[in-house]
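Engineer: Have a look; sequence and predicted model below, questions after that.
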Amino acid sequence: MSVTVAISENPPITVPARATASLASFREWARDNDLPEKTKLLYCRGEVMIDMGTEQIFSHVEVKTEITTVLRVIAKEGKLGRMWAEGFLVTNKDAELSCNPDAVFVSNEAFSSKRVKLVEGKEGGFVELLGSPDMVLEVVSDSSEKKDNQTLFEAYYEAGISEYWLVDARGEEIEFNIYKHGSKKYTVVKKQPGGWVKSAVFGKSFRRTRGKDATGNPEFTLEVK
């Protein structure tokens with residue numbers, strides 16, 4: 001068992017031994033700890049990762065907000081299911097995984113078939129999703145690069161998640177990829193002419209652009225057709 005802290009803290013973070021003992025123990029600790037509210041947690045086959053990194057406004061928060069907003073409108077208007085931003089645990093027992101994705105989509109079919117279940121907290125209300133959502137989003141930051149590109153890339157596949165949306169907007173060119181669940185691993189969905197990429201989960205094609213807003217700051221846009 002091991003614990004990885006993405007960003008050093010002073011004083012150092014203390015993680016109790018019980019949090020690394022098992023998936024069940026981690027879930028119990030994750031729902032009742034004294035870490036800052038926005039801390040991102042990950043348990044994957046005995047390894048616990050804690051990401052205390054500050055999210056950059058234009059390369060992370062802007063991107064995450066735009067994608068979640070666009071997909072939430074599509075989900076609501078099409079009555080497809082529920083699209084949520086981060087803030088709760090997503091757990092899959094088969095993959096021994098529990099984490100806080102940047103965003104997650106759960107179809108109505110996933111709920112009705114019990115492929116995904118809502119887990120209630122000790123004080124009421126639902127605080128966790130258990131099972132295999134249809135889609136997860138991760139936006140890469142300096143502190144999450146290895147986790148998003150390796151650890152979660154493999155873990156989300158093992159969890160049976162149909163699509164993994166992975167975006168890296170830190171450089172001059174935005175890397176925007178949709179990965180679909182293949183027979184042995186995730187495979188990237190090939191881009192169509194014009195840079196469009198088709199999502200089987202949402203039944204639409206998407207393209208990312210980046211320009212500047214009225215104040216001259218970067219502006220990320222997710223186009224849909």
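Structural biologist: In hand now; what should we look at?

Engineer: tell me, which helix in the protein spans the most residues?
Structural biologist: helix 62-77 (DSSP state H).

Engineer: So which bits of the helix or strand just after it are buried?
Structural biologist: Using DSSP states H and E, the helix or strand that follows helix 62-77 towards the C-terminus is strand 81-85. Within strand 81-85, the residues that count as buried by 16 or more other Cβ atoms under 10 Å are Gly81, Arg82, Met83, Trp84, Ala85. For every residue, glycine as well, the C-beta is placed using N, CA and C.

Engineer: could I get these as a markdown table with distance to Arg207?
Structural biologist: Listed next are the buried residues of strand 81-85 as a markdown table, based on distance: Cβ to Cβ, whole Å:
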| residue | distance to Arg207 |
| --- | --- |
| Gly81 | 23 |
| Arg82 | 24 |
| Met83 | 19 |
| Trp84 | 23 |
| Ala85 | 22 |
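
Engineer: quick check: longest strand of this protein.
Structural biologist: Longest strand in the chain, counting residues (DSSP state E): strand 204-212.

Engineer: Give the rounded mean pLDDT of that one.
Structural biologist: Strand 204-212 shows an average pLDDT of 96 in the prediction.

Engineer: can you give me the offset of that strand from its chain's centre?
Structural biologist: Its chain's average C-alpha position is 19 Å from that of strand 204-212, according to Cα atoms, centre = their mean, to the nearest Å.

Engineer: related to what we said a few turns ago, give the rounded mean pLDDT of the longest helix of the chain.
Structural biologist: Mean predicted confidence for helix 62-77 is 98.

Engineer: Could I have the CA atoms of that helix written out in PDB?
Structural biologist: Once non-C-alpha atoms are left out, helix 62-77 reads as follows in PDB (Å, rounded to 0.1, in the frame of the first residue of the first chain):
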ATOM      1  CA  GLU A  62     -12.200  27.400 -18.100                       C
ATOM      2  CA  VAL A  63     -12.000  24.100 -20.100                       C
ATOM      3  CA  LYS A  64     -13.800  22.000 -17.500                       C
ATOM      4  CA  THR A  65     -16.600  24.500 -17.100                       C
ATOM      5  CA  GLU A  66     -17.200  24.900 -20.900                       C
ATOM      6  CA  ILE A  67     -17.300  21.100 -21.500                       C
ATOM      7  CA  THR A  68     -19.500  20.400 -18.500                       C
ATOM      8  CA  THR A  69     -21.900  23.200 -19.400                       C
ATOM      9  CA  VAL A  70     -22.200  22.200 -23.100                       C
ATOM     10  CA  LEU A  71     -22.700  18.500 -22.300                       C
ATOM     11  CA  ARG A  72     -25.200  19.300 -19.500                       C
ATOM     12  CA  VAL A  73     -27.400  21.200 -21.900                       C
ATOM     13  CA  ILE A  74     -27.300  18.300 -24.400                       C
ATOM     14  CA  ALA A  75     -28.100  15.800 -21.700                       C
ATOM     15  CA  LYS A  76     -31.000  17.900 -20.300                       C
ATOM     16  CA  GLU A  77     -32.500  18.800 -23.700                       C
END
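
Engineer: Would you mind getting the angle between that helix and strand 204-212?
Structural biologist: Orientation of helix 62-77 against strand 204-212 (axes from the mean of the first three to the mean of the last three Cα atoms, to 10 degrees) gives an angle of 140 degrees.

Engineer: mind listing what's buried in helix 62-77?
Structural biologist: Glu62, Val63, Lys64, Thr65, Glu66, Ile67, Thr68, Val70, Leu71, Arg72, Ile74, Ala75.
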